[in-house]
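Visitor: Can you look at this prediction? I've put the sequence above it.
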Amino acid sequence: MRVVLSTYGSRGDVQPLAGLALQLRALGAEVRVCAPPDDELAEQLGAAGVEMVPVGESVRSLVTGPPPAPSELPKRAAALVADFYDAVMATAGAGDAVVATGLFPSAAGARSAAEKLGIRYAYVSLQPTTLPSPHHRPFEYSMQPYPPEVTDNRELWELNIATMNALFGEVVNTHRASVGLAPVDNVRDHVFTDRPWLATDPVLGPWLQPADLDVVHTGAWILPDERPLPADLVAFLDAGAPPVYVGFGSMPMRGSQDVARVAVDAVRAQGRRVVINRGWAGLNLTDDEDDCFFVGEVNQQALFGRVAAVVHHGGAGTTTTAARAGAPQVVVPQIVDQPYWAGRVAELGIGAAHDGPAPTTESLSAALGTALTPGTRERATAVAGTIGTDGAAVAAKLLLDPSGREGLAASA
């Protein structure tokens, strides 16, 4: 059996699929991953021995370039729908299965391809907040705000159907008509299906009951990382007390040099050394002090076990990796699901949620003061022991075992 995994997103979207791919291959399946053509994503999949089908334009160039004009968004969405439809059609065949995540138009294209091929399909969310639930609000698009007087979550999720139709309905249905598929009235639920999957750790990102949606909660999909840390980084770690790690992943962090300066000054205010990951923002600054070390791509699973705290943007993958390592966290959320993960870190007592996306030296130092207390470290250590590592294995068995295939939407 072949399984086609599909996403349009950054490392945090691709890495879980690589983790699932390894488990599927261990069970004898053939796996291909349709993903953006960024070199670092291709290298990540290649290192895991997973075949990649490059689709669409570079995510990094999109994220770090000038923001697109609102008038460009429908054209970009249409391109993603068509590109991922074509990629899945060229990659999958009879008897296969498709698993999709990432930006909504890319998942919509994969969903239509699965339907056209008459094969099974699952939509997976990497955070609870994108799935309809009475326990949280839907994400609000700036061009489609919800009425301020509406506060009931169930009512907001009903309004979200109209929002998604307004944003993506015409794009999706125009493409469906072009390939001989019937239009759909509710594009959100068509793509999500009535039984979506959720790939989060049940402690860190629980699916709360009661809920209106039947969700297959597999646990987080983790890709093991066996790479050694660079020798110069190990030498820095060995040269003193555990440093604080600062990294914002794929977030552009406008004014990145100022952000780096703020981070270094805030960590120093706590009497700590600092390791800064340049990330897609290219964090950097000229500093001759020997208490500051800059890194690029690095094994976070190995590094986070050796740091005093992790300051990050609140991506699902980074939050889970830090939690597994027992490292206290400071989350500086930027967009979409990141405020949710910041809230979960604070609620669990394993770190602090920074108030807003733009830290100052004072605000970041204060949050670090919370994260660096012995009590937070003890709580982080305790929670680390509860974080599961078998989510990808659970999902792989559901995909391949006939008894578990009721978790997939039939597209015939």
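Guide: Received the coordinates, thanks. Numbering: from 1, shown residues only.
Visitor: Can you give me the pLDDT of the residue lying farthest from the centre of the chain?
Guide: Distance from the C-alpha centroid of the chain peaks at residue 288, with 34.8 Å (Cα atoms, centre = their mean). On pLDDT, residue 288 comes in at 75.
Visitor: Return the distance of it relative to residue 61.
Guide: As for residue 288, its distance to residue 61 is 33 Å (criterion: Cβ to Cβ, to the nearest Å). All C-beta atoms are positioned from the backbone trio N, CA, C, and that covers glycine.
Visitor: likewise residue 102?
Guide: Distance from residue 102 to residue 61, by Cβ to Cβ: 16 Å.
Visitor: Out of these two, name the residue with the larger neighbour count.
Guide: residue 102 (24 against 11; other Cβ atoms under 10 Å).
Visitor: pretty sure that one contacts residue 13?
Guide: Yes. Between residue 102 and residue 13 there is a contact at 5.0 Å, judged by Cβ atoms under 8 Å.
Visitor: okay, and the common contacts of the two?
Guide: Common contacts of residue 102 and residue 13 (Cβ atoms under 8 Å, 6 or more residues apart in numbering): residue 7.
Visitor: mind saving the C-alpha coords of stretch 346-361 as CSV?
Guide: Output of stretch 346-361 as CSV, limited to C-alpha atoms (Å, rounded to 0.1, in the frame of the first residue of the first chain):
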residue,chain,number,x,y,z
ALA,A,346,1.4,28.6,31.5
GLU,A,347,-1.6,26.4,32.5
LEU,A,348,0.7,23.4,33.0
GLY,A,349,3.1,25.4,35.1
ILE,A,350,6.0,24.5,32.8
GLY,A,351,6.9,28.0,31.8
ALA,A,352,5.5,31.5,31.1
ALA,A,353,3.4,33.0,28.3
HIS,A,354,4.8,36.3,27.1
ASP,A,355,2.1,39.0,26.8
GLY,A,356,2.2,39.8,23.1
PRO,A,357,4.5,39.2,20.1
ALA,A,358,7.0,42.0,20.6
PRO,A,359,9.2,41.4,23.7
THR,A,360,11.2,44.1,25.4
THR,A,361,14.2,43.5,27.5
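Visitor: Could you check it and say which residues are buried?
Guide: Buried residues in stretch 346-361, defined by neighbour count with 16 or more other Cβ atoms under 10 Å: 346, 348, 349, 350, 351, 352, 353, 354, 357, 359, 361.
Visitor: TSV for those, including pLDDT, distance to residue 308 and secondary structure?
Guide: Below are the buried residues of stretch 346-361 laid out as TSV (pLDDT from 0 to 100; distance: Cβ to Cβ, whole Å; DSSP: H, G, I helix; E, B strand; the rest coil):
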residue	pLDDT	distance to residue 308	secondary structure
346	98	18	helix
348	98	18	helix
349	98	17	coil
350	98	13	coil
351	98	12	strand
352	98	13	strand
353	98	18	strand
354	97	17	coil
357	93	23	coil
359	95	18	coil
361	96	18	helix
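Visitor: and the residues you listed, which two are the farthest apart?
Guide: Farthest pair in the buried residues of stretch 346-361 (Cβ to Cβ) is 348 and 361. Separation: 26.3 Å.
Visitor: Going by neighbour count, list what's buried in stretch 290-303.
Guide: 291, 292, 293, 294, 295, 298, 300, 301, 302, 303.
Visitor: State the distance from the residue farthest from the centre of the chain to residue 271.
Guide: Distance from residue 288 to residue 271, by Cβ to Cβ: 19 Å.
Visitor: Check residue 176 too.
Guide: Residue 176 is 59 Å from residue 271, by Cβ to Cβ.
Visitor: rewinding a little: show me the buried residues of stretch 290-303 that map onto helices.
Guide: Among the buried residues of stretch 290-303, the ones falling in helices (DSSP state H) are 300, 301, 302, 303.
Visitor: Now for the first one: which residues touch it?
Guide: Same thing as residue 300. Per Cβ under 8 Å, 6+ apart, neighbours of residue 300: 225, 318, 321, 322.
Visitor: isn't the second one right next to residue 12, touching?
Guide: Yes. Look at residue 318 against residue 12 with Cβ under 8 Å: they come within range, at 7.4 Å.
Visitor: Between these two, which has more neighbouring residues?
Guide: residue 318 (25 against 20).
Visitor: quick one: what helix or strand has that one in it?
Guide: helix 316-325 (DSSP states H and E).
Visitor: Show me the contact partners of that helix.
Guide: In contact with helix 316-325 (Cβ under 8 Å, 6+ apart) are residues 11-12, 15-16, 126-127, 200-201, 204-205, 220, 222, 247, 249, 300-301, 304-305, 310, 312, 329, 331, 337, 341, 344-345, 350-351, 380, 383-384, 387, 389.
Visitor: List the ones among those that fall in helices.
Guide: Using DSSP H, these in helices are 11, 12, 15, 16, 300, 301, 341, 344, 345, 380, 383, 384.
Visitor: Show me the helices in the stretch 51-200 of the chain, by range?
Guide: 59-64, 73-91, 104-117, 153-164, 170-178, 187-192 (DSSP state H, counting those that start in this stretch).
Visitor: Pull the distance from the fourth one to the chain's centre.
Guide: What that stands for is helix 153-164. 23 Å (Cα atoms, centre = their mean, to the nearest Å).
Visitor: That helix - contacts with which helices or strands?
Guide: helix 187-192 (3 or more Cβ pairs under 8 Å, 6 or more residues apart in numbering; DSSP states H and E).
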